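Q: next comes the sequence, and after it the predicted model I'd like to discuss.
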Amino acid sequence: MNETTIVNDPLTALERVKLARHKDRPYTLDFIERLFEDFVELHGDRRFAEDAAIVCGLARFHGSPVVVLGHQKGRGTKQSVRRNFGMPKPEGYRKALRMLKLAEKFNRPVFSFIDTSGAYPGIDAEERGQAEAIAHNLRESSKLRVPVIVTVIGEGGSGGALAIGLGDRVLMLENAVYSVITPEGCAAILWKDAGEAERAATNLRLTASELYRLGIIDRVVAEPPGGAHTTHDETARLLDDALQETLAEVTQFDPPSRLTQRYKRLRALGRWTTSV
């Protein structure tokens, strides 16, 4: 699918949310297995602990050395608990930042994959500086001199997603969603009724087609008929083509030009106009 052809969305926003959360949808490690070679996972933030909700490592993309990182959900109860349902704690974001710094040190492009309902909101995470860790990642990511390509592969939830989502280009799979809050959370706050999730999902403008239209993301990547969960291999093939094209696009700029473009892109987000 070419992103410019998306006009009428056949699915509702809430249906897209359900597809983004599908239990068989490919996660970061599924894409790493299919898109990258010689992946070596690195662990720990060198300050507190290992956080399995974020996976990071060194790899090769079509023969070129790169850094890969992303949220990782689990399948089944045991894995979901170990991965904390894809909700990172501060040590996860600090591990990600450690990888970003390694990428800059060794001049490796970064591929970041987003798939989380949000950062873990527990008291222990707040005590260890959850908000500070997210803010630190945003500040440091904005200054990275290497290419950074972000792909929303499932859920993109609030600051928990944005902490590893600041890049030169942002891609989204066709049925992924990206929003400041879940539809259920939004409905509970605005209308005191989580049953209004469909109404909230529509108004949040969280689908890939809406976000492309608004200029929040740069490209929509097609999924196989029925959704990414139907065939991981075909989904990875479609994403591989998009990532190769995007990498070729962003690597043609020198670091100063890349930083200037990244800054302009960020400053352009959130513009609005009124009409009478």
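A: That came through fine. Remember, predicted model here, so these are calculated numbers, not experimental data.
Q: roughly how far apart are the residue sitting nearest the centre point of the chain and residue 64?
A: By C-alpha atoms, centre = their mean, the chain has its centre lying nearest to residue 114, at 2.1 Å. Counting by C-beta to C-beta, to the nearest Å, the gap from residue 114 to residue 64 is 22 Å. In this view, the C-beta of every residue, glycine as well, is placed from N, C-alpha and C.
Q: just residue 52 next, same as before
A: According to C-beta to C-beta, residue 52 and residue 64 sit 27 Å apart.
Q: of these two, give the one with the bigger neighbour count.
A: More crowded of residue 52 and residue 64, by other C-beta atoms under 10 Å: residue 52, with 17 against 12.
Q: backbone dihedrals for that one, both of them.
A: Dihedral angles of residue 52 (phi, psi; degrees, to the nearest 10) stand at phi -80, psi 0.
Q: pull the contacting residues for residue 159.
A: Taking C-beta atoms under 8 Å, 6 or more residues apart in numbering, we find residue 159 in contact with 118, 119, 131, 134.
Q: where do the strands of the protein begin and end?
A: Taking DSSP state E to define them, one finds strands in the chain at 37-42, 54-61, 64-71, 110-116, 148-157, 169-173, 177-179, 219-221.
Q: buried residues, the first one. List them.
A: This points to strand 37-42. residue 39 (16 or more other C-beta atoms under 10 Å).
Q: and it, what does it pack onto?
A: Contact partners of strand 37-42 among helices and strands, from 3 or more C-beta pairs under 8 Å, 6 or more residues apart in numbering; DSSP states H and E: strand 54-61, helix 90-105.
Q: quick one, the longest one and strand 110-116 angle?
A: Okay, so that is helix 90-105. Counting by axes from the mean of the first three to the mean of the last three C-alpha atoms, to 10 degrees, helix 90-105 lies at 160 degrees to strand 110-116.
Q: what number of residues lie near the closest residue in space to residue 259 that isn't next to it in sequence?
A: In this structure, residue 259 finds its nearest non-sequential neighbour in residue 145, 6.7 Å apart by C-beta to C-beta, 6 or more residues apart in numbering. Residue 145 sits with 13 neighbouring residues when counted by other C-beta under 10 Å.
Q: related to what we said a few turns ago, got the helices and strands packed on strand 37-42 as a markdown table, with distance to residue 185, mean pLDDT and mean neighbour count columns?
A: Shown next, in a markdown table, are the helices and strands packed on strand 37-42 (distance: least, C-beta to C-beta, whole Å; pLDDT from 0 to 100; neighbours: other C-beta atoms under 10 Å):
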| stretch | distance to residue 185 | mean pLDDT | mean neighbour count |
| --- | --- | --- | --- |
| strand 54-61 | 22 | 97 | 21 |
| helix 90-105 | 21 | 96 | 22 |
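Q: closest one to residue 243 among the ones you listed?
A: Proximity to residue 243 (C-beta to C-beta) singles out strand 54-61 among the helices and strands packed on strand 37-42, at 7.3 Å.
Q: show me how far that closest one is from its chain's centre.
A: 15 Å (C-alpha atoms, centre = their mean, to the nearest Å).
Q: give me the sheet partners of that strand and which way each runs.
A: Counting by DSSP bridges, the strands paired with strand 54-61 are strand 37-42 (antiparallel), strand 64-71 (antiparallel).
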